[in-house]
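Student: Generate a structure from the sequence data that follows.
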Amino acid sequence: MFRFIDKQLNGVTMYRLILYYLMFLLGTAVLLSFAHLLPYDPFTLLFSIGFLVAVSGIANRVFAWAYNVHTNVESVWISALILGLILTPSTQPHDLIGMGWAAVLAMASKYILAINKKHIFNPVAMAVAITAVTIDQTASWWVGTAAMLPVVLIGGVLIVHKIQREDMVVAFLLTALTTSTLLSFGNGDDIMLTMQRTLLTSPLLFFAFVFLTEPLTTPPTRMLQIVYGLLVGVLFAPQVHFGGFYMTPELALIAGNVFSYLVSPKTKLVLRLKNRIQIAPDAYDFIFAPQTKLSFAPGQYMEWTLGHDDPDNRGVRRYFTLASSPTEPLLRVGVKFYDQSSTYKHTLLTMDEKTEIVAAQIAGDFTLPHDATQKCVLIAGGIGITPFRSMIKFLLDTHQRRSVVLLYSNRTADEIVYSDVFNAAQRQFGLRTVYTLTDPRQAPRDWTGKLGYIDEKMIRETVPDYLVCQFFISGPNQMVNAVSEALIKLGVNGEQIKTDYFPGLA
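Tutor: Numbering: from 1, shown residues only. This next block holds a predicted model:
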């Protein structure tokens, strides 16, 4: 089922998917209100949503103008719709003041509560917390009701699956449930009733799917994300208090955001294009010169925001792996283009040295093992070669000698890129590169590599000791899944397989 869904959502970024999810939740809420399954007037609900969107949009434009940065319409809508799902719908002037104040604060936190142009806190969580303190209006988190649960659950599971944050979300859910249950037991409360309320009539699931997974305020690696989930899960339980001060969902997340900031790279770069190099018929390297040296691990990725007019449904953000090595002064990303590329890629291809692009949020676990004696097999499909260019260039520049085999698949020979780096690595430390073409009809007459897709047979032939190797797979989703399945059939342990993934890939 997930494979079918992945195929349908392949062209939708994470941010756009969340936007659709929130719109669907609010649409469902309106219908449920008409059916009297929610205690709200549907027209009041619609008015509240429109009010929040309008105030958020105006506030964001003002702050973007004041700070001279590009506006991100997706982000505005997402924040506004989240507020619409957790603030009680109303048309009363007093309540509208509180809602408007929360919307302004959510936009402000993205610009003001930021260090090195990177916001620290989840904007909506911080806005709700400040609103509660300043004007004593709190969030009701009304989305956490039994009537909304099926829609919250189904859509939320799809989002978590797409962005591959299952470990973090499961860690949070189990910890929150366990903490709440243990504290209820200590207080002499009915444990079953507590669990029922936590699952059916609390914002637990919506919070996990939407707030916890917000990428700019979560840690960069899998283990830190699990710790983050555990920490927020403990603080999320409503029974947790410090004297007379009781925790709320937004305060639990803010505490987690502080932890995330402390353990995350503090980087947000505003870059201009230095050079654009065509490396294949449909692929280019984009090269940027940062003002300060960027620290990252070979194989990691960043979020790249390129503001442009009339973006399509894939939005203004992408996640690209850094093809450059940390040892190089310039930043390099390799991008593949298609006949009907997105408006983002069209803008990227036509950008000049005056166009600004924002790179932020270094993240990813797709990195070489610390044990230099571990034999590694790097398997790439098409432009999925970019993290391996970073890794191998790093090994070259640092004069490391590792046992590495590279299997590199392309449809045609002219799509092969970065061969200069791989040839240098072969001479310096014995990198073994195996090229294969998936379209035998277009293979050159003097072709000496392999033909066909990377499958069980090819892996056995090229890597006889595959059972003791660490595998890294990067490329199109279909290719990554097929190679992973082939390795599993060969008896390779799942812990020995790493796949390159970053949220919002489109």
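
Student: For my notes, confirm A372 occurs in a strand.
Tutor: No - counting by DSSP: H, G, I helix; E, B strand; the rest coil, A372 is located in no strand; its state is coil.

Student: Can you tell me how far L45 is from A29?
Tutor: As for L45, its distance to A29 is 6 Å (criterion: C-beta to C-beta, to the nearest Å). Every C-beta, even on glycine, is put in place using the N, C-alpha and C of the backbone.

Student: Compare neighbour counts for the two and give me the winner.
Tutor: A29 (26 against 22; other C-beta atoms under 10 Å).

Student: packing partners for the lengthiest strand in the chain?
Tutor: Counting residues, the longest strand in the chain under DSSP state E turns out to be strand 268-280. Other helices and strands packing on strand 268-280, by 3 or more C-beta pairs under 8 Å, 6 or more residues apart in numbering; DSSP states H and E, are strand 283-288, strand 331-336, strand 356-363.

Student: any low-confidence regions in the stretch 301-450 of the chain?
Tutor: Where the stretch 301-450 of the chain drops to pLDDT under 70, the residues are 313.

Student: which residues in it form strands?
Tutor: In the stretch 301-450 of the chain, the strands defined using DSSP state E, counting those that start in this stretch lie at 301-305, 317-321, 331-336, 356-363, 376-381, 404-410, 432-437, 450-451.

Student: Go through the fourth one and flag the buried ones.
Tutor: What it means is strand 356-363. 357-363 (16 or more other C-beta atoms under 10 Å).

Student: any chance of the residues you listed in JSON lines, with distance to A323 too?
Tutor: Conversion of these to JSON lines gives the following (distance: C-beta to C-beta, whole Å):
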{"residue": "I357", "distance to A323": "15"}
{"residue": "V358", "distance to A323": "18"}
{"residue": "A359", "distance to A323": "13"}
{"residue": "A360", "distance to A323": "18"}
{"residue": "Q361", "distance to A323": "17"}
{"residue": "I362", "distance to A323": "14"}
{"residue": "A363", "distance to A323": "16"}
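
Student: Y466 and S474: what is the separation?
Tutor: Between Y466 and S474 the computed distance is 18 Å (C-beta to C-beta).

Student: and the biggest helix by length in the chain, how far from the chain's centre?
Tutor: Looking only at the chain and at elements set by DSSP state H, the helix with the highest residue count is helix 42-67. When distances are taken as C-alpha atoms, centre = their mean, to the nearest Å, helix 42-67 is centred 25 Å away from the chain's centroid.

Student: Output the contacting helices and strands for that helix.
Tutor: helix 14-34, helix 73-86, helix 93-111.

Student: partners of the longest strand of the chain, with directions?
Tutor: Strand 268-280 has the following strand partners under DSSP bridges: strand 283-288 (antiparallel), strand 356-363 (antiparallel).

Student: Could you export the longest one as CSV, CA atoms only?
Tutor: I take that to be strand 356-363. Coordinates of the C-alpha atoms in strand 356-363 are reproduced here as CSV (Å, rounded to 0.1, in the frame of the first residue of the first chain):
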residue,chain,number,x,y,z
GLU,A,356,19.7,34.6,-3.8
ILE,A,357,19.1,31.0,-2.5
VAL,A,358,18.9,30.1,1.1
ALA,A,359,20.6,26.9,2.4
ALA,A,360,19.9,25.7,5.9
GLN,A,361,19.4,22.7,8.2
ILE,A,362,22.4,20.4,7.7
ALA,A,363,21.2,16.9,8.4
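
Student: circling back to that earlier point, any chance of the helices and strands packed on strand 268-280 in JSON lines, with distance to T198 too?
Tutor: Shown next, in JSON lines, are the helices and strands packed on strand 268-280 (distance: least, C-beta to C-beta, whole Å):
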{"stretch": "strand 283-288", "distance to T198": "47"}
{"stretch": "strand 331-336", "distance to T198": "43"}
{"stretch": "strand 356-363", "distance to T198": "30"}
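
Student: So for L262, which of these sits nearest?
Tutor: strand 356-363 (15.0 Å; C-beta to C-beta).

Student: Now do that closest one: everything it contacts.
Tutor: When contacts are taken as C-beta atoms under 8 Å, 6 or more residues apart in numbering, the neighbours of strand 356-363 outside the stretch itself are 70, 117-118, 215-216, 220-221, 264-265, 267-273, 288, 294, 296, 300-307, 331, 348, 351, 502.

Student: Can you select the buried ones from the residues you listed in ChimeraX?
Tutor: Only the buried members of these end up in this ChimeraX selection, burial being decided by 16+ other C-beta under 10 Å:
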select :118,215,216,220,221,264,265,267,268,269,271,273,288,294,296,300,301,302,303,304,305,306,307,331,348,351,502
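
Student: SS state for I473?
Tutor: Here I473 is strand, with the state taken from three-state DSSP.

Student: Tell me if I'm right that it and D500 touch.
Tutor: Yes - with contact defined as C-beta atoms under 8 Å, I473 and D500 form a contacting pair (6.9 Å).

Student: Isn't A171 up against G229?
Tutor: Yes - contact between A171 and G229 holds when scored by C-beta under 8 Å: they sit 3.5 Å apart.

Student: Can you pick out the residue with more neighbours from those two?
Tutor: Between A171 and G229, G229 has the larger neighbour count (other C-beta under 10 Å), namely 27 against 21.

Student: now that one: how far from S484?
Tutor: Distance check for G229 against S484: by C-beta to C-beta, it reads 25 Å.
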